[in-house]
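Chemist: missing the sequence, but the structure's below:
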């Protein structure tokens, strides 16, 4: 080592002197830049250090990428499994909520319930505050010339803010919900307990009128109930922060507002609220009234021709001796006559035969003909049609055509009688 320094001592001294002169010149010389003049030594130092810094940053980034993309895959897989399970739970919950919504619409259509919808809003900007701790209100840049009126709801994307208290020409005063003189009808999301939300002098929100024997879990969502006729039902107010016992057997439920009331910049004023009734044609699937009507038993229809058939006497019971079926025939005087056959089948005599009245039963047949000969009695097995008897004489036909002046009905003999002497065998 000493031999090298001793051998190149003069050269080393010369190089050191030259380097010191260059550094001195770099410190004294300044380079003019668009922003400000910079010393030359600083430019050289930055140029010398920048490659080293780039190499260090590249090494750090590459090491981090390798760690997160390869060695940390176990945590990524676990997170992926958790996200998949959450997606499945949310899908099932979405199906259940969709079914509940359809059922709610069917019930609303069935019962005629009405719903309130925010149909028109107006954007406004907060331009000032009340400047007092006793009154919590803000001023917006919209007034009566813009169509604003008192008691209009003021909301944000996060939740409700307050209501319009006073309206001027170009500005309006909005009373916040945490003011001690405000009141909002509220309902708990899960337990469905209703109460009145009021502000306190300290600027907190307290939900009152809830009985002390009720159980209210912290963190439950508080919504508007629509009972104050200012805010539509279902708008978010905040979450339950804590529960303390109050006076007169009521709870004091402290609510953390959903909207940041201390940092309001832009708000929305609800200028129009529509009340619409659910229509049956807007409800998907079968309605409840249709399902009930399909499940109820139907009333049997009343027979129409019962009285008509009873009055005509056309129905006959089995085993009866003679059915009451009218038959049409020709009497001895040429007029049509009706009768009933022994088998219940109507028989019609030939209109061209004068003695066709012999087919009727003994009650409808005159006992004597016009020539004084006894008339033939009808037997069950006898042929009663005069036209069908080949041996019928002309005298009997002539006598049959002459009616008796005073017909007398003989007693009915149930036993069959022998054939008449006038009828040839």
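Modeler: Everything's here; your move. None of these values were measured; they are calculated from a predicted model.
Chemist: residue 183 versus residue 198, what's the distance?
Modeler: Going from residue 198 to residue 183 by C-beta to C-beta, to the nearest Å gives 6 Å. Every residue, glycine included, has its C-beta placed from N, CA and C.
Chemist: same drill for the two, tell me which one is more crowded.
Modeler: For residue 198 versus residue 183, neighbours defined as other C-beta atoms under 10 Å are more numerous around residue 198 (20 against 16).
Chemist: in a helix, the more buried one, correct?
Modeler: No. With DSSP: H, G, I helix; E, B strand; the rest coil as the criterion, residue 198 is located in strand rather than a helix.
Chemist: max-length helix in the chain?
Modeler: Longest helix in the chain, counting residues (DSSP state H): helix 73-111.
Chemist: following that one, which helix or strand comes up?
Modeler: Using DSSP states H and E, the helix or strand that follows helix 73-111 in sequence is strand 114-129.
Chemist: how far off helix 73-111 does that next one point, in degrees?
Modeler: Angle, strand 114-129 to helix 73-111, by axes from the mean of the first three to the mean of the last three C-alpha atoms, to 10 degrees: 120 degrees.
Chemist: for strand 114-129, which helices and strands make contact with it?
Modeler: Here strand 114-129 touches strand 137-140, strand 266-277, going by 3 or more C-beta pairs under 8 Å, 6 or more residues apart in numbering; DSSP states H and E.
Chemist: show me what whichever strand or helix holds residue 27 is packed up against.
Modeler: For residue 27, the enclosing helix or strand under DSSP H and E is helix 9-28. Secondary-structure packing of helix 9-28 (3+ C-beta pairs under 8 Å, 6+ apart): helix 40-66.
Chemist: okay, buried residues for the helix it packs on please.
Modeler: Under the neighbour-count criterion of 16 or more other C-beta atoms under 10 Å, helix 40-66 has 40-41 buried.
Chemist: next, the angle from it to helix 9-28.
Modeler: 90 degrees.
Chemist: from the contact counts, what lies against helix 40-66?
Modeler: helix 9-28, strand 30-31.
Chemist: and the ones you listed, which one's lowest on average pLDDT?
Modeler: Confidence, taken as mean pLDDT, is least for strand 30-31 of those (a mean of 76).
Chemist: who's in contact with that strand?
Modeler: Residues outside strand 30-31 that contact it (C-beta atoms under 8 Å, 6 or more residues apart in numbering) are 37-40, 43.
Chemist: list just the nearest of those residues to residue 222.
Modeler: Among the contacts of strand 30-31, residue 38 lies closest to residue 222 (C-beta to C-beta), at 61.6 Å.
Chemist: list the contacts of the closest one.
Modeler: Residue 38 touches 30-31, counting by C-beta under 8 Å, 6+ apart.
Chemist: quick check: phi and psi on it?
Modeler: Torsion angles at residue 38 (phi, psi; degrees, to the nearest 10) stand at phi -130, psi 140.
Chemist: partner residues bridging it?
Modeler: Note on residue 38: beta-bridge partners by DSSP bridges are residue 31.
Chemist: mind checking pLDDT for it?
Modeler: 79.
Chemist: correct me, but residue 243 touches residue 220?
Modeler: No. Taking C-beta atoms under 8 Å as the definition, residue 243 is not a contact partner of residue 220, at 10.1 Å.
Chemist: which one of the two has more residues nearby?
Modeler: Legend: neighbour count by other C-beta under 10 Å for residue 243 and residue 220, higher for residue 243 (18 against 15).
Chemist: quick check: bridge partners of the more buried one?
Modeler: Assigned bridge partners for residue 243, using DSSP bridges, are residue 253.
Chemist: who's in contact with it?
Modeler: By C-beta under 8 Å, 6+ apart, the neighbours of residue 243 are 216, 218, 251-254.
Chemist: quickly note the distance from the closest residue in space to residue 128 that isn't next to it in sequence to residue 117.
Modeler: Excluding the flanking residues, the one nearest residue 128 by C-beta to C-beta, 6 or more residues apart in numbering is residue 139, at 4.3 Å. Per C-beta to C-beta, residue 139 is found 28 Å from residue 117.
Chemist: over to residue 18?
Modeler: Separation of residue 18 from residue 117 (C-beta to C-beta) stands at 87 Å.
Chemist: tell me where the model's unsure across the protein.
Modeler: Counting by pLDDT under 70, the ranges of the chain that qualify are 1-2, 33-35, 72, 74, 112, 277-425.
Chemist: please parse it into its domains.
Modeler: Domain segmentation of the chain under automatic domain parsing yields 2-68, 117-274.
Chemist: redo the ones you listed as TSV? Include distance to residue 91.
Modeler: Shown next, in TSV, are these (distance: least, C-beta to C-beta, whole Å):
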stretch	distance to residue 91
domain 2-68	30
domain 117-274	21
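Chemist: looking at those, which is closest to residue 77?
Modeler: Residue 77 lies closest, by C-beta to C-beta, to one member of the domains of the chain: domain 2-68, at 13.3 Å.
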